[in-house]
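> predicted structure and sequence below. I'll ask about it afterward.
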Amino acid sequence: MTEKIPARESAWSNERLVRECRKGNQAAWSALIDKYKNLIFSVPIKFGVPREEAADIFQAVCVDLLSGLAQLREPAALPKWLMQASYHKCLRWKKQQLGLAEDPDELQEKPDNAEPPEELIHQLQRAQMLRDSVAALPERCRRMVQLLFFEDPPRPYEEVARELGLATGSIGFIRGRCLKKLQDRLKEEGLR
């Protein structure tokens with residue numbers, strides 16, 4: 001019997017998510033994609049790929065992940081694998097745009113072994129650590145941080161208070177406590 005996934009499954013370790021995905025647990029697969037969707041999608045965006053093509057790259061990486069999950073030897077290496085897979089698909093896209101390949105199938109047959117630039121990997125890793133740390137916050141803090149800092153434009157305190165069922169005057173105080181929790185978590189993860 002497949003284990004039921006709790007509401008906070010995206011905070012599960014990669015090992016647990018991969019194990020559950022291999023068992024065929026659809027909720028774990030959804031959680032795995034939810035956990036890494038921003039990481040996968042950020043690579044083509046940083047690469048300058050238009051949003052529509054970035055969505056195609058995202059889907060292609062997800063298909064590769066699904067088909068290759070059984071062969072993944074080290075679940076902890078999953079984020080780097082996703083970055084590299086996205087990067088290689090971006091390189092192929094760029095080659096197609098520049099007309100460097102006579103046949104589009106040629107690009108699929110010969111994977112590009114180039115490593116993503118270290119600075120790009122560093123930026124992507126830091127962004128993923130931040131997302132993971134926010135996801136690990138208690139529910140109210142996680143939601144508050146998302147509403148205040150991850151929406152464009154940021155929501156006014158009145159809206160945040162209404163959505164969270166809090167007094168508007170308490171938002172600043174609670175925000176401070178939540179940011180302190182986030183800061184402590186980031187320090188634990190080695191991100192300052």
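Great, that's in hand.

> residues in contact with the closest residue to Leu69 other than its chain neighbours?
Residue nearest to Leu69 in three dimensions, not counting chain neighbours: Cys21, with 5.7 Å by Cβ to Cβ, 6 or more residues apart in numbering. (C-beta placed from N, C-alpha, C; glycine too.) By Cβ atoms under 8 Å, 6 or more residues apart in numbering, Cys21 lies in contact with 28-29, 32, 69.

> in JSON lines: the residues you listed, plus secondary structure and distance to Trp12.
Formatted as JSON lines, the contacts of Cys21 follow (DSSP: H, G, I helix; E, B strand; the rest coil; distance: Cβ to Cβ, whole Å):
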{"residue": "Ala28", "secondary structure": "helix", "distance to Trp12": "8"}
{"residue": "Trp29", "secondary structure": "helix", "distance to Trp12": "12"}
{"residue": "Leu32", "secondary structure": "helix", "distance to Trp12": "9"}
{"residue": "Leu69", "secondary structure": "helix", "distance to Trp12": "15"}
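
> and Lys35, what is it in contact with?
Applying Cβ under 8 Å, 6+ apart to Lys35 gives the contacts 10, 17, 131-132, 135.

> so where's this protein shaky on pLDDT?
Along the chain, the parts satisfying pLDDT under 70 run over 1-11, 100-114, 192.

> quickly find the element holding the residue nearest in space to the middle of it.
Ranked by distance to the mean C-alpha position of the chain (Cα atoms, centre = their mean), the top residue is Tyr36 at 2.8 Å. Applying DSSP states H and E as the criterion places Tyr36 in helix 26-47.

> ok, then the element right after that helix?
helix 51-68.

> gap between the helix or strand just after that following helix and the chain center?
On the C-terminal side of helix 51-68, the nearest following helix or strand under DSSP H and E is helix 78-98. Relative to its chain's centre, helix 78-98 lies at 16 Å (Cα atoms, centre = their mean, to the nearest Å).

> so which elements touch helix 78-98?
On a contact count with 3 or more Cβ pairs under 8 Å, 6 or more residues apart in numbering; DSSP states H and E, helix 78-98 meets helix 14-22, helix 26-47, helix 51-68, helix 104-109, helix 118-135.

> and the angle for that helix with helix 26-47?
Counting by axes from the mean of the first three to the mean of the last three Cα atoms, to 10 degrees, helix 78-98 points 50 degrees away from the direction of helix 26-47.
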